[in-house]
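> Fold the following and give me the result.
(one chain, ligands or ions: 1)
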Amino acid sequence: MLAVHQAADGGLARVRVPGGLLSVTQLDVLRSASLDLGDGRLELTSRGNVQIRALRPDGPRELSDRLFQAGLLPSLTHERVRNILASPLSGLDSRYDVLPVATALDRALCARPGLAELPGRFLFALDNGSGDLVASGADVLVQAIDSREALLSLGTRSVRVDWSSSVEVMLAVASAFLEVRDSAEWRIAEVADGSERILERLGLQATDELPTAGAPVEAGPHGPALAVTVPLGSLTPEQALMLAEVAEWVRVTPWRSVVLPTVATEPLEAVGLITTPDSIWNGVTACAGRPGCAKALADVRGDAQRIVPELVRDGRRVHWSGCERRCGKPAGGFVDILAVGNGYLVDGAVKEKW
Ligand code: SF4
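Residues are numbered from 1 along each chain as shown. This next block holds a predicted model:
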């Protein structure tokens, strides 16, 4: 069965979606599974995965069966380690299409028994050259240079690789990481001189060449595709049904949004989805908060919906946290809204009015 975490509101299942790719059938399987077995919502994570919360006690087995039949659970042994991001506009713009590489990496990863030992936090990212995944914090980032070559980066150390060998090199890096880490180290960045030691172990000559950074895909049209922000990354049953009705496929992004083929925006806006870059919801995120997390000091999502218009002021992203762990916080600078039991701190200052 799919491993399920016990949260304060019941079972919490994380469904890995390598490359973010979901067929409309798979989206509908997730939607109906959450309605039948969980709280009805689909949460989009900062790793482009989907979570179902509040699973009833007999939910995990039934959910596993449904996911397996939909092709969403190809490997029980490797489910936890199938953490693969791909640029969401891959194949939809003029850059190199990294999605086939993401699919090949997923298959090859699942076929290596030893790599089931990777920590669940270990992350691969395939950037199509747009730079949108450079800030993803991936352990292994591969960025397209052209149709022949890519830059493979482990933190600040990089090597150039041919696409034809890229999957093998990524897996070799993962294997080498398992050899150099100790049991308390979950990411390459946590291992002293980890990048250098791994590349040296593989006989690869590291350079200081850095990947080119770019911006995340913002809500709105992008050539033949439309990016749609999901407020607080939580798809309601109505919103998931609408997506399943209008799109043939969706791609889950790491920015609490989805990319889908171009469709009319009015039906999406009518159910509360965001299709323009100027909405205040594009930059707002929140952790689970109450009632889902036992550590939470507030219902941060409920409060975010009530208070958000006041906050959007200087272009920074806004993140609401139910406690100091700040789960799901965005990379880079953000307005830090922290529950402290009797209210909130906003960037460290007490917000009395709330
Ligand atoms: S930040 Fe705290 S309250 Fe929010 S989900 Fe994480 S542990 Fe729970």
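> Where does pLDDT dip in the chain?
Residue ranges of the chain with pLDDT under 70: 309-313, 352-354.
> Do you have the helices of it handy? List them.
24-37, 59-69, 99-110, 163-180, 194-201, 237-246, 266-270, 300-311 (DSSP state H).
> Not counting residues beside it along the chain, what's closest to Ala172?
Leu202 (5.4 Å; CB to CB, 6 or more residues apart in numbering). Bear in mind the C-beta positions are built from the backbone N, C-alpha and C, glycine included.
> related to what we said a few turns ago, do you know which of the helices of the chain lies nearest the ligand?
helix 300-311 (6.9 Å; CB to the nearest ligand atom).
> Would you pull up how far that closest one lies from the middle of the chain?
23 Å (CA atoms, centre = their mean, to the nearest Å).
> what do you get for stretch 251-267?
14 Å.
> what does stretch 243-261 give?
That offset, for stretch 243-261, works out to 13 Å (CA atoms, centre = their mean).
> ditto for stretch 192-203
Between the centre of stretch 192-203 and the centre of its host chain there is 27 Å, according to CA atoms, centre = their mean.
> if we can go back for a sec, same list as before, the helices of the chain that is, but in TSV and with distance to Gly292 and mean neighbour count included.
Shown next, in TSV, are the helices of the chain (distance: least, CB to CB, whole Å; neighbours: other CB atoms under 10 Å):
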stretch	distance to Gly292	mean neighbour count
helix 24-37	14	20
helix 59-69	15	17
helix 99-110	28	19
helix 163-180	31	18
helix 194-201	33	19
helix 237-246	17	19
helix 266-270	26	13
helix 300-311	9	17
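> Quick one: the ones you listed as CSV, columns for distance to Lys351 too.
Below are the helices of the chain laid out as CSV (distance: least, CB to CB, whole Å):
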stretch, distance to Lys351
helix 24-37, 33
helix 59-69, 38
helix 99-110, 42
helix 163-180, 42
helix 194-201, 40
helix 237-246, 30
helix 266-270, 30
helix 300-311, 9
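> These: which one's closest to Asp127?
helix 99-110 (10.7 Å; CB to CB).
> Which strands or helices does that closest one pack on?
strand 21-23, strand 84-86, strand 124-127, helix 163-180 (3 or more CB pairs under 8 Å, 6 or more residues apart in numbering; DSSP states H and E).
> Of those, which is nearest Trp320?
In terms of CB to CB, the element of the helices and strands packed on helix 99-110 nearest to Trp320 is strand 84-86, at 23.5 Å.
> Pairing partners for that closest one, with directions?
strand 124-127 (parallel) (DSSP bridges).
> Put the alpha carbons of the strand it pairs with into CSV.
C-alpha atoms of strand 124-127 as CSV (Å, rounded to 0.1, in the frame of the first residue of the first chain):
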residue,chain,number,x,y,z
PHE,A,124,15.7,15.8,-9.3
ALA,A,125,14.8,18.8,-11.6
LEU,A,126,14.8,19.0,-15.4
ASP,A,127,14.9,22.6,-16.6
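> Around the ligand, pick out the residues from the stretch 151-300 of the chain.
Residues of the stretch 151-300 of the chain lying near the ligand by CB under 6 Å from any ligand atom: 287-289, 293, 295-296.
> hmm, 8 Å instead?
287-290, 292-297, 300 (CB under 8 Å from any ligand atom).
> and the nearest residue to Leu105 once chain neighbours are set aside, what is it in contact with?
Nearest non-adjacent residue to Leu105, counting by CB to CB, 6+ apart: Val167, 5.1 Å away. For Val167, the contacting residues are 101, 104-105, 108, by CB atoms under 8 Å, 6 or more residues apart in numbering.
> Just give the number of residues close to Gly223.
10 (other CB atoms under 10 Å).
> Verify the contact between it and Leu92 for me.
Yes - using CB atoms under 8 Å, Gly223 makes contact with Leu92 at a distance of 5.8 Å.
> thinking again about what came up before, which of the residues of the stretch 151-300 of the chain next to the ligand are buried?
Buried members of those, scored by 16 or more other CB atoms under 10 Å, are 287-290, 292-293, 296-297, 300.
> residues contacting the most centrally placed residue in the chain?
When CA atoms, centre = their mean is applied to the chain, the residue found nearest the centroid is Arg47 (1.6 Å). Taking CB under 8 Å, 6+ apart as the criterion, Arg47 is in contact with 83, 85, 123, 254.
> Next, format those residues as a markdown table and append neighbour count.
Compiled in a markdown table, the contacts of Arg47 are given as follows (neighbours: other CB atoms under 10 Å):
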| residue | neighbour count |
| --- | --- |
| Asn83 | 22 |
| Leu85 | 29 |
| Leu123 | 22 |
| Pro254 | 27 |
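> I'd like those residues as a markdown table, with distance to Gly155 appended.
Listed next are those as a markdown table, based on distance: CB to CB, whole Å:
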| residue | distance to Gly155 |
| --- | --- |
| Asn83 | 17 |
| Leu85 | 16 |
| Leu123 | 12 |
| Pro254 | 18 |
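> Closest one to the ligand out of these, please.
Pro254 (17.5 Å).
> Could you report the separation of Gly322 from Trp255?
21 Å (CB to CB, to the nearest Å).
> Widest-spaced pair of the residues of the stretch 151-300 of the chain next to the ligand?
Ala294 and Val300 (14.0 Å).
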